[in-house]
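Asker: I would like the atomic coordinates for the input below:
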Amino acid sequence: MKSIKTPFTFSGGKVETTVNQDVIARQKISDVLLTSNYERVLRPRYGANMYSLVHQVVDENDIADVKVEAMFDLADNISTLSVIDIQFDTGSVATNDPTLNVNVLYKLPLGTLSSTSIRIAVPGLITEDTPF
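Answerer: Below you'll find the model as predicted:
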C-alpha cells in the first residue's frame with residue numbers, strides 16, 4: 001500500500017510517497033499521538049489526549065493515565081500494528097528541558113519489534129529554576 005510521506009513534500013513535481021511499512025507505521029503513530037480528540041472532522045474519537053499534559057504540572061499519576069489512554073487510542077485508530085509499550089522519558093527535567101520524550105514499542109504483523117520516538121513540549125515541566 002502506498003502512503004503520502006510526511007512531512008508533506010514534493011519531488012520531481014509529484015507528492016512524495018512511501019511503500020515502506022515501517023515508515024507508514026511510524027507516521028500513523030505520530031499522527032494519532034499528536035492529534036487531539038475532536039480535532040478531526042467526522043472522526044471525534046481519532047487521536048490521543050497527549051496535549052492534556054501541556055496544561056498541568058506533570059507527575060507520575062498523570063503519565064500513567066496518559067499512557068493507558070494512549071495505548072487504547074493507538075489500538076482503536078491503527079489496525080495494522082500492535083502497540084507493545086509506551087515509555088515516557090522525563091529525565092530531561094534534570095537538564096531543564098521542557099520536553100517529554102515518548103517512546104513507542106510496536107510490532108507489525110509480519111515484522112519484528114520496532115520503536116519510534118516523539119518529543120512533545122510540556123510547559124508543565126518548566127520550573128522556577130528553568131533558564132530562559
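Asker: Of all the helix elements in the protein, which one is longest?
Answerer: For the chain, the longest helix by residue count, based on DSSP state H, is helix 60-77.
Asker: Identify each buried residue in the helix or strand that that helix is followed by, please.
Answerer: The first helix or strand that comes after helix 60-77 along the chain, using DSSP states H and E, is strand 82-89. Residues of strand 82-89 classed as buried by neighbour count (16 or more other CB atoms under 10 Å): 83, 86, 88. To be clear about C-beta, it is placed using only N, CA and C from the backbone, and glycine gets the same treatment.
Asker: So what touches strand 82-89?
Answerer: 29, 63, 66-67, 70-71, 74-75, 100-107, 109, 113 (CB atoms under 8 Å, 6 or more residues apart in numbering).
Asker: Only the buried subset of those, as a ChimeraX command please.
Answerer: Paste this into ChimeraX to select the buried members of the contacts of strand 82-89, with burial taken from 16+ other CB under 10 Å:
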select :29,63,66,70,71,74,100,102,104,106
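Asker: from what I can see residue 19 touches residue 4, true?
Answerer: No - in this structure residue 19 lies outside contact range of residue 4 using CB atoms under 8 Å: 11.4 Å.
Asker: Between the two, which is the more surrounded one?
Answerer: Shown here are residue 19 and residue 4; by other CB atoms under 10 Å, residue 4 has more neighbours (12 against 9).
Asker: The more buried one: what's it in contact with?
Answerer: By CB under 8 Å, 6+ apart, the neighbours of residue 4 are 15, 16, 17.
Asker: and it, bridged to which residues?
Answerer: For residue 4, the beta-bridge partners are residue 17 (DSSP bridges).
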